[in-house]
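[1] Predicted model follows, preceded by the sequence.
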Amino acid sequence: MSAQPPPSRPKLVATDVDGTLIDDAEKISDRTRAAVHAVVESGTPFVLATGRPPRWIAPVSDQLGYAPFAVCANGAVLYDSAADRVISTAALQVDELKWIAEVASEVLPGCGLAAERVGERAHDAATPQFVSAPGYEHAWLNPDSTELSEQEVIGEPAIKLLVRLAGATSREMAEALAPKLHGLVDVTYSTTNGLVEISASGVTKASGLRELARHLGVPHDEIVAFGDMPNDIPMLSMARHGVAMENAHPDAKSVADEVTATNVEDGVARVLERWWR
């Protein structure tokens with residue numbers, strides 16, 4: 001595993017948010033903010049690649065003092081935060097959602113379901129964007145959730161289906177569920193706390209980042225990417241230089257070209273500063 005950067009500056013910087021760019025208090029340090037601004041001021045695109053939906057990008061961009069493009073919902077949404085505009089989406093269709101729900105109830109008895117939807121803007125009053133069934137136990141504070149019946153949750157296309165089973169680990173859930181879905185959808189997780197995230201076939205942070213790189217006119221093999229969890233693995237593997245955080249999941253570390261310091265020790269900034277000072 002290389003401790004040195006590639007010989008030339010990357011032409012695009014992409015980073016995960018939670019556990020990577022922000023610290024455990026969801027703050028961006030002065031050092032990390034300065035490193036990001038150095039990238040942006042050089043003319044190099046700096047983008048976010050996150051499991052977060054578009055409506056959760058503003059707290060990050062407000063701290064950065066910069067409104068980046070973002071790959072959201074694990075690759076299902078490309079979002080221009082400066083214009084508050086959704087560029088593209090890749091959704092699970094209703095028949096897929098119903099099938100996944102049937103498989104999940106069989107393989108993970110007692111699990112709860114929730115779905116992410118998206119409108120044309122981050123906050124679209126006409127579109128309830130996070131909907132959950134009565135049996136869904138939230139893995140984190142989610143005050144913008146709308147509770148519906150399970151049939152209503154899976155009754156409209158969704159950019160991501162979430163399966164929650166309190167008391168289980170996310171790895172256990174993914175290992176039980178993924179084989180039953182036969183590779184027809186993408187199964188991943190961004191927390192170890194009993195939550196699996198399901199996207200349409202082939203939709204990952206890597207696929208979203210490739211599409212965004214094309215949109216920005218950057219070859220996808222000129223990217224440095226940062227991440228910490230299994231949902232970052234496709235992106236870390238695809239990038240010219242994939243960097244995992246010291247606090248990262250072992251599976252993410254195993255595919256990275258480099259392991260940097262933790263998210264509370266400015267791990268992203270430490271790498272960026274080797275190219276941009």
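    Perfect, thanks for sending it. Numbering: from 1, shown residues only.
[2] Other residues contacting the helix-or-strand element of the chain with minimal mean pLDDT?
    Lowest on mean pLDDT, DSSP states H and E among the helices and strands of the chain sits strand 145-147, with a mean of 91. Under the criterion CB atoms under 8 Å, 6 or more residues apart in numbering, residues Ala114, Pro128, Phe130, Val131, Ser132, Ala133, Pro134, His138 lie in contact with strand 145-147. C-beta coordinates here come from the backbone N, C-alpha and C atoms, glycine included.
[3] number of nearby residues for the fifth one?
    When you say that, I think you mean Ser132. Counted with other CB atoms under 10 Å, residues neighbouring Ser132 total 21.
[4] For it, name its beta-bridge partners.
    Residues in a beta bridge with Ser132, per DSSP bridges, are Ala114, Glu147.
[5] Tell me how far it lies from Lys160.
    For Ser132, the distance to Lys160 (CB to CB, to the nearest Å) stands at 12 Å.
[6] what's the overlap in contacts for these two?
    Ala115.
[7] which one of the contacts of strand 145-147 sits closest to Phe69?
    The shortest approach to Phe69 among these belongs to Phe130, at 22.1 Å (CB to CB).
[8] The closest one - nearest residue in space that isn't next to it in sequence?
    Spatial nearest neighbour of Phe130, excluding adjacent residues (CB to CB, 6 or more residues apart in numbering): Ser145 at 4.9 Å.
[9] Pro54 versus that neighbour, what's the distance?
    Distance from Ser145 to Pro54, by CB to CB: 16 Å.
[10] same deal with Val187?
    Distance, Val187 to Pro54, by CB to CB: 22 Å.
[11] Settle it for me: which of those two has more neighbours?
    Set side by side, Val187 and Pro54 show more neighbours around Pro54, with 28 against 22, by other CB under 10 Å.
[12] tell me the contacts of that one?
    Here Pro54 is in contact with Ala70, Cys72, Val77, Tyr79, Ser81, Val86, Val118, Arg121, Ala122 (CB under 8 Å, 6+ apart).
[13] which of those are buried?
    Ala70, Cys72, Val77, Tyr79, Ser81, Val86, Val118, Arg121, Ala122 (16 or more other CB atoms under 10 Å).
[14] Next, work out how far apart the fifth one and Ile87 are.
    Applying CB to CB, the value for Ser81 to Ile87 is 11 Å.
[15] same deal with the last one?
    As defined by CB to CB, Ala122 lies at a distance of 12 Å from Ile87.
[16] burial of the residue lying closest to Leu148 once chain neighbours are set aside, as a residue count?
    Nearest non-adjacent residue to Leu148, counting by CB to CB, 6+ apart: Val131, 5.0 Å away. Using other CB under 10 Å, Val131 has 23 neighbouring residues.
[17] Let me know the distance separating Val131 from Val60.
    23 Å.
[18] for the chain, which spans come out with low pLDDT?
    Applying pLDDT under 70 to the chain flags residues 1-7, 142-143.
[19] Please repeat the previous calculation with a cut-off of 90.
    For the chain, the stretches flagged by pLDDT under 90 are 1-8, 119-128, 135, 138-145, 220-221, 277.
[20] distance between the longest helix seen in it and the chain's centre?
    Secondary structure of the chain read by DSSP state H shows that its longest helix is helix 94-107. Chain-centre distance of helix 94-107: 22 Å, with CA atoms, centre = their mean, to the nearest Å.
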